[in-house]
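> sequence first, predicted coordinates after that:
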Protein chains: 2
Amino acid sequence: MSVQTSSSVKRRGQYSVALDNVRFLSRATVVGPKEGQGLLGRYFDEVETNEMAGENTAEKAERYYLNRAIQLTLQKAGIDASKVHYLIAGDLLNQIISSNFTARQTGIPFLGIYNACATFAEGLGLGSIIIDGSFADTVMVAVSSNYLSAERQYRYPIELNIQRKDCNQMTVSGAGACLLARDGTGPRISLVTFGRVIDYGLKDVNDMGSAMAPAAFDTLIRHLTDTNQNIGDYDLILTGDLGKVGSKMFRVLAKEAGLTLGNTHMDCGCMLFKPQQNAYAGGSGAACSAIVILGYILSEMENTKYHKVLILPTGSLHSPLSYQQKESIPCIAHAITLEM
Amino acid sequence: MSVQTSSSVKRRGQYSVALDNVRFLSRATVVGPKEGQGLLGRYFDEVETNEMAGENTAEKAERYYLNRAIQLTLQKAGIDASKVHYLIAGDLLNQIISSNFTARQTGIPFLGIYNACATFAEGLGLGSIIIDGSFADTVMVAVSSNYLSAERQYRYPIELNIQRKDCNQMTVSGAGACLLARDGTGPRISLVTFGRVIDYGLKDVNDMGSAMAPAAFDTLIRHLTDTNQNIGDYDLILTGDLGKVGSKMFRVLAKEAGLTLGNTHMDCGCMLFKPQQNAYAGGSGAACSAIVILGYILSEMENTKYHKVLILPTGSLHSPLSYQQKESIPCIAHAITLEM
């Protein structure tokens, strides 16, 4: 353990905090048809047969997924929404409207967050702090993203059928929600390292994996140093949505620093789709890491496949406007330790 | 005190939390020329003579204000950015780019938040919880808004010179930042009540004051009930940016519930500009409540004018897209008790 210079008893090293008793009370995932037909399809609670879920706009469809994931999470825990102390939620749409309108529907006191595709990790970290500090009994953390609503906001309307590069990623259509509490027997959250904004000057919004990899690496190093751990202390180091290209860069950065990731590293974006599903460099979006972690990882932890996992969701913090103004892509990653 | 049914020791009533030892260590405000020439001009740390602050885009100007407020706050506390544990920041631009790029500049671990013009209160509440729970020694909370960047994103480019209604409000150009810590002799944050999303079905984005008033009232009632307090327990109940029209509605709602606000209620949006400054129904924007609270209120608390103040920053959680899709305006308000 590194020397503590902080007067805050929960801090570990310069950047991290330790939590004594935060657990997943329940969780749920709702995904689109493509995600349902993918490699992890059987791990998701509900698969929509139609991406639009019966709604007349992509934005309303995204809200449907998000609200449905929250309702399923409440059902599984047998808790009424009125008993949940906070809803911490975020998404990729301007002014995070998916979260705002869903919060209106649930009536739970609401804290809106935005760290792009790292939003789920930000929410888990904040929710864990609130629970661990005895500021709430239950906190709902939820995120969503949607291929149709994201494409037309960030890139082009789908109908234009714009050609893509191999380094492009597919925004995941789906939502993940979980209830955090002090009780229960589920996997627990034991360490949180919130990330700094890292920017290597990359400007290609068609290759966000490469832009985000240095942020994931920065947070990984700080997490391991603060908590006096090695790669070998984890069964799995799971980045959020670096995709094939970004994962490769993440491995290069680790190798240059003398770390051997080997089979310990996997990326949520590379785990979702089958090769024939034409998802280019893999999945992305705020829901990408949420559905893989809540759907697959926690289940496999309960099945004893994994005992201790470090999740590293990553986010690109640019906007279409900052790109048009020739700015590079600032990125972030938060590290959270899950233990069975 | 109402009966506690929660197992979380920090909770008060159904919705609120109590904090033992959270104080403002330092704070700073940076504003545009119009705000500087207004009623509270002498309370702000820096007044820019040019709204663009020497930058070539409105978005970069907004970032300049935000970074400058953070740097001044660090200077006043005599603390290096590397010693600050978290930066919690948000703004009104899509993907909160003002905060993202400023976080990149500071290098402080970053948590992005969005609750529109209630973002400052969300940040203060979260920062207080992190400090009070001993998860950090110092947390920087900062927000910004800018008339030029907000107008062209939410309404029309300034150059079009679109006519306004009397119920329109002016987005404040400015930024406020503060460092929260357990030590110090400054005013302290003692109670936090995070709000629910309230929507009375109003759809006029030219009258956001009326849309937000019910959210402010909902949070006020829940705060007073939870903490077993009356209006008379406060020297001031300060809403965020209801403006003239929304403040009137807030008073009507209070009166209907049998509460007499009298001179105890003021609104940040109504306090900034002189009548001849042509600010319609008053100021608005994420910086509106931040600069009034950090610049004026805390100073007057230190001058013993106010002993105990309830701040109620309010936010409209719509987006231009949700408006175009004929949705009503979901709103939120968070209540925070400041004590000397």
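In hand now; what should we look at?
> residues of the one helix or strand A:Ala121 maps to that come out buried?
In the assignment (DSSP states H and E), A:Ala121 maps to helix A:119-132. Buried residues in helix A:119-132, counting neighbours by 16 or more other CB atoms under 10 Å in any protein chain shown, are found at A:119-132. From N, CA and C alone the C-beta is placed, and that goes for glycine too.
> also stretch A:15-24?
By 16+ other CB under 10 Å, the buried positions in stretch A:15-24 come out as A:15-19, A:22-24.
> and these as a markdown table, adding secondary structure, pLDDT and distance to chain B?
Listed next are those as a markdown table, based on DSSP: H, G, I helix; E, B strand; the rest coil; pLDDT from 0 to 100; distance: CB to the nearest CB, whole Å:
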| residue | secondary structure | pLDDT | distance to chain B |
| --- | --- | --- | --- |
| A:Tyr15 | coil | 93 | 6 |
| A:Ser16 | strand | 97 | 10 |
| A:Val17 | strand | 98 | 5 |
| A:Ala18 | strand | 97 | 9 |
| A:Leu19 | coil | 97 | 9 |
| A:Val22 | coil | 97 | 12 |
| A:Arg23 | strand | 97 | 14 |
| A:Phe24 | strand | 97 | 18 |
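> for chain B, what's its nearest residue on the stretch 1-150 of chain A.
The minimum distance from the stretch 1-150 of chain A to chain B, using CB to the nearest CB, falls at A:Gly133 (2.8 Å).
> from B:Lys10, how far off is that residue?
Taking CB to CB, to the nearest Å as the measure, A:Gly133 falls 7 Å from B:Lys10.
> now A:Ile221
Counting by CB to CB - A:Ile221 and B:Lys10 are separated by 34 Å.
> which one of those two has more residues nearby?
The neighbour comparison of A:Ile221 against B:Lys10 (other CB atoms under 10 Å in any protein chain shown) goes to B:Lys10, with 19 against 16.
> thinking the more buried one is in contact with B:Ala18, fair?
Yes: using CB atoms under 8 Å, B:Lys10 is in contact with B:Ala18, at 6.0 Å.
> pLDDT score for the closest residue to A:Tyr154 other than its chain neighbours?
Leaving aside its sequence neighbours, A:Tyr154 sits nearest to A:Pro320 (CB to CB, 6 or more residues apart in numbering or on different chains; 6.0 Å). With respect to pLDDT, A:Pro320 scores 95.
> all helices of the stretch 51-200 of chain A, in order?
A:58-77, A:97-106, A:119-132, A:147-154 (DSSP state H, counting those that start in this stretch).
> with mean pLDDT added, can I get those helices in TSV?
Output for the helices of the stretch 51-200 of chain A, formatted as TSV (pLDDT from 0 to 100):
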stretch	mean pLDDT
helix A:58-77	98
helix A:97-106	98
helix A:119-132	98
helix A:147-154	93
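> where does pLDDT dip in chain A?
Within chain A, the stretches with pLDDT under 70 are A:1-5.
> mind running it again at 80?
For chain A, applying pLDDT under 80 flags the ranges A:1-5, A:184.
> get me the contact residues on the stretch 201-340 of chain A for chain B.
When proximity is defined as CB under 8 Å from any CB of the partner chain, the stretch 201-340 of chain A approaches chain B at A:317-322, A:325, A:327, A:330, A:332.
> coming back round to it: now do the shared contacts for A:Gly133 and B:Lys10.
Taking CB atoms under 8 Å, 6 or more residues apart in numbering or on different chains as the criterion, A:Gly133 and B:Lys10 both touch B:Asp132.
> before we move on, back to that, go ahead and confirm the residue of the stretch 1-150 of chain A closest to chain B touches B:Gly133.
Yes: the criterion here is CB under 8 Å, and A:Gly133 meets it with B:Gly133 at 2.8 Å.
> hmm, A:Gly315 and A:Ala116 touching each other?
Yes: at 3.3 Å, A:Ala116 counts as touching A:Gly315 under the criterion of CB under 8 Å.
> find residues that contact each of the two.
A:Ile332.
> quick check, nearest of the buried residues of stretch A:15-24 to B:Ala254?
A:Val22 (38.8 Å; CB to CB).
> any idea how far B:Ser190 is from the closest one?
Counting by CB to CB, the gap from A:Val22 to B:Ser190 is 25 Å.
> then A:Ala81?
28 Å.
> what of A:Ile297?
Applying CB to CB to A:Ile297 and B:Ser190 gives a distance of 40 Å.
> same deal with A:Gly133?
Taking CB to CB, one finds A:Gly133 at 16 Å from B:Ser190.
> same check on A:Cys270?
Distance from A:Cys270 to B:Ser190, by CB to CB: 48 Å.
> the two: which has the busier surroundings?
A count of neighbours by other CB under 10 Å puts A:Cys270 above the other of A:Cys270 and B:Ser190, at 22 against 18.
> in contact with the more buried one, which residues?
Contacts of A:Cys270 (CB under 8 Å, 6+ apart): A:242-244, A:247, A:282-283.
> now do the strands in the stretch 151-300 of chain A.
Along the stretch 151-300 of chain A, counting by DSSP state E, counting those that start in this stretch, strands occupy A:170-171, A:174-181, A:188-193, A:236-239, A:265-267, A:283-284.
> now those strands in a markdown table, with distance to B:Ile108?
Formatted as a markdown table, these follow (distance: least, CB to CB, whole Å):
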| stretch | distance to B:Ile108 |
| --- | --- |
| strand A:170-171 | 29 |
| strand A:174-181 | 25 |
| strand A:188-193 | 14 |
| strand A:236-239 | 23 |
| strand A:265-267 | 27 |
| strand A:283-284 | 26 |
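> so which of these is the most surrounded?
Highest mean neighbour count among the strands of the stretch 151-300 of chain A (mean count of other CB atoms under 10 Å in any protein chain shown): strand A:283-284, with a mean of 34.
> residues in contact with that one?
Contacts with strand A:283-284, where a contact means CB under 8 Å, 6+ apart, come from A:35, A:117, A:169-172, A:208-209, A:241, A:243, A:268-270, A:272-273.
> how far does it sit from the chain's center?
Per CA atoms, centre = their mean, to the nearest Å, the displacement of strand A:283-284 from the mean C-alpha position of its chain is 10 Å.
> same check, this time on stretch A:311-319
Its chain's C-alpha centre and that of stretch A:311-319 lie 9 Å apart, by CA atoms, centre = their mean.
> could you export that stretch as PDB, CA atoms only?
Extracted C-alpha coordinates of stretch A:311-319, given in PDB (Å, rounded to 0.1, in the frame of the first residue of the first chain):
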ATOM      1  CA  ILE A 311     -13.900  -2.700 -15.300                       C
ATOM      2  CA  LEU A 312     -12.500   0.300 -17.300                       C
ATOM      3  CA  PRO A 313     -15.400   2.000 -19.200                       C
ATOM      4  CA  THR A 314     -14.000   4.600 -21.600                       C
ATOM      5  CA  GLY A 315     -15.500   7.800 -23.100                       C
ATOM      6  CA  SER A 316     -14.800  10.300 -25.800                       C
ATOM      7  CA  LEU A 317     -15.600  13.700 -24.500                       C
ATOM      8  CA  HIS A 318     -15.800  15.600 -27.800                       C
ATOM      9  CA  SER A 319     -18.900  16.900 -29.500                       C
END
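> perfect, that will be all.
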